[in-house]
Each structure stands twice: as structure tokens, then as C-alpha cells.
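just to be clear, the model below is a prediction. Sequence and coordinates:
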Amino acid sequence: MARYTGPKTKVARKFGEPIFGPDKALDKKNYPPGQHGLARKRKKLSEYGIQLKEKQKTKAIYGVLEKQFRRTFEEGARRSGITGENLLVLLESRLDNIVYRLGVAPTRAAARQLVSHRHITVNGGVLNIPSYQVKVGDVVAVREKSKSLEVVQLNVVNNNSRYSWLEWNNEALSGKLIQKPQRADIPENINEQLIVELYSK
């Protein structure tokens, strides 16, 4: 299972956004990493550079590498509707992202680990595939013997963020996808049209 395991602050500084959550280092050094970080900040990007940066940022946010991201884009292009929005809906419907959105894990990387380590069930059956596409009506829950995990308990207690397309049951520690998210419901700062333009070249 391929995933990015390098330094996260460096990536966040590269894009100038806290894409992995609040980061004190990003507040102190709000310029790209490396010896020529400040000089690169002043350099103007080409149109291609802007599009590529947006794609790389989106991949980093959702923890997806190039091959899988490309396949997701192609799936979005095959569907009816706006390709860019379809791409984001497919990324939001990934099992690891749903676990993160439900507030069971503090980050997408932590949610991915919970899924991989068989702590999550879908419709009552254990599922350890982070990229699984959750469908409308599917019930995503914490496995019975995993409910006492400290990371789960801490996040469920401290989590106040709920989304209109998800339904959460605090007693059962389970959530349900009641509808596919609309573009306006997705809070990430992503310009999906730039990704569509990049792949259309």
C-alpha cells in the first residue's frame, strides 16, 4: 500500500497552507522550504506550474499518490456532470476520508491507519481498504473491540465538526453517508478546474 511517509511540515510550507492541520512551524516560516525558499516565494509561476501545484496539493491533502489520483480523475471524467467536482466527490467518498470526516481520527493519515489495522467496519463487515468508495446508505462504524482505543475515544469526545452529508451516532460510534457531498460542502481550499486543465493538456 503506497503512501507518502516524508516530512509533512515541509510539504505544507511548499504550498503555503496548513494542509495537514494546524502547524506552528508554518506560522513561523511562511515561505517554501530549502536554501532558496524566500527567493522562490518571489518567483512567478507559469500557468503550467500553477496547475501542477494545485494537483500536487490535492494529492497531499487526500494522501493519494499519482497513479491512484490519475485513476480517480479518469473515473470522474467518465461520470456525468462537472469533472472537477466529480473528482472531489470521489476523493471525499474514500473510506479513510469518511472516517476522518466523522471525527473518529484527527487526520486522514490516522484514519487510514485505523482502516488498515482493521478497526473500522462498513455495513457490519470489517474492511481494511482505505480507498474503498463508500456508497450512499453505507454505515461506517468503529469495530466493537476497537471502541475502547484511546485515539478513538479522545477524538470522538473532542470532535464538534459534523457535515451535512454524514449522520453520526455517538452511542454506537457509527456514521452513515446520507448523500454525496456537494462542492459547496467541501471545505478544502482546492481549485479543481486547474487540475482538469492540467490533465486536459
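On my side now, so go ahead. Numbers count the residues shown, from 1 in each chain.

domains for this structure, by residue range?
8-90+189-199, 93-181 (automatic domain parsing).

quick one: these as a markdown table, columns for mean pLDDT and mean neighbour count too.
Bear in mind the C-beta positions are built from the backbone N, C-alpha and C, glycine included. A markdown table is the format used below for the domains of the chain (pLDDT from 0 to 100; neighbours: other CB atoms under 10 Å):
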| stretch | mean pLDDT | mean neighbour count |
| --- | --- | --- |
| domain 8-90+189-199 | 81 | 16 |
| domain 93-181 | 91 | 17 |
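
can you tell me the centre-most residue of the protein?
Central residue of the chain (CA atoms, centre = their mean): Tyr62, 3.0 Å from the mean position.

which strand or helix spans the closest residue to that one other than its chain neighbours?
Distances taken as CB to CB, 6 or more residues apart in numbering place Leu91 nearest to Tyr62, at 4.8 Å, with adjacent residues excluded. Assigning secondary structure by DSSP states H and E places Leu91 in helix 83-92.

what does the helix or strand just after that helix rub up against?
Downstream of helix 83-92, the first helix or strand assigned by DSSP H and E is helix 95-101. Residues from elsewhere that reach helix 95-101, judged by CB atoms under 8 Å, 6 or more residues apart in numbering: 62-63, 91-92, 105, 107-108, 110-112, 114-115, 120, 122, 127, 129-134, 140, 161, 163, 166, 175, 177.

before we move on, the earlier item: list the contacts for the residue nearest to Tyr62?
Thr58, Tyr62, Val64, Thr72, Asn97.

what do you get if the cut-off is 7 Å, keeping everything else the same?
Contacts for Leu91 (CB atoms under 7 Å, 6 or more residues apart in numbering) come out as Tyr62, Thr72, Asn97.

let me have the residues you listed in TSV, extended by distance to Ser80.
Below are the contacts of Leu91 laid out as TSV (distance: CB to CB, whole Å):
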residue	distance to Ser80
Tyr62	23
Thr72	16
Asn97	22
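
hang on, Gly175 in a strand?
Yes - according to DSSP: H, G, I helix; E, B strand; the rest coil, Gly175 belongs to a strand.

what's across from it in the sheet?
With DSSP bridges as the criterion, Gly175 is bridged to Val140, Trp168.

now do the helices in this protein.
Applying DSSP state H to the chain gives helices spanning 8-15, 24-28, 37-42, 47-62, 66-78, 83-92, 95-101, 108-116, 150-158, 192-199.

tell me what the last one is packed against?
Contacts of helix 192-199 with other secondary structure elements, assessed using 3 or more CB pairs under 7 Å, 6 or more residues apart in numbering; DSSP states H and E, are made with helix 47-62, helix 83-92.

C-alpha coordinates for the last one, CSV please?
The C-alpha trace of helix 83-92 is given here as CSV (Å, rounded to 0.1, in the frame of the first residue of the first chain):
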residue,chain,number,x,y,z
THR,A,83,-15.3,16.5,-14.0
GLY,A,84,-13.6,18.6,-11.3
GLU,A,85,-16.5,18.3,-8.9
ASN,A,86,-16.8,14.6,-9.6
LEU,A,87,-13.1,14.2,-8.7
LEU,A,88,-13.5,15.9,-5.3
VAL,A,89,-16.7,13.8,-4.6
LEU,A,90,-14.8,10.6,-5.3
LEU,A,91,-11.9,11.7,-3.1
GLU,A,92,-14.4,12.6,-0.3
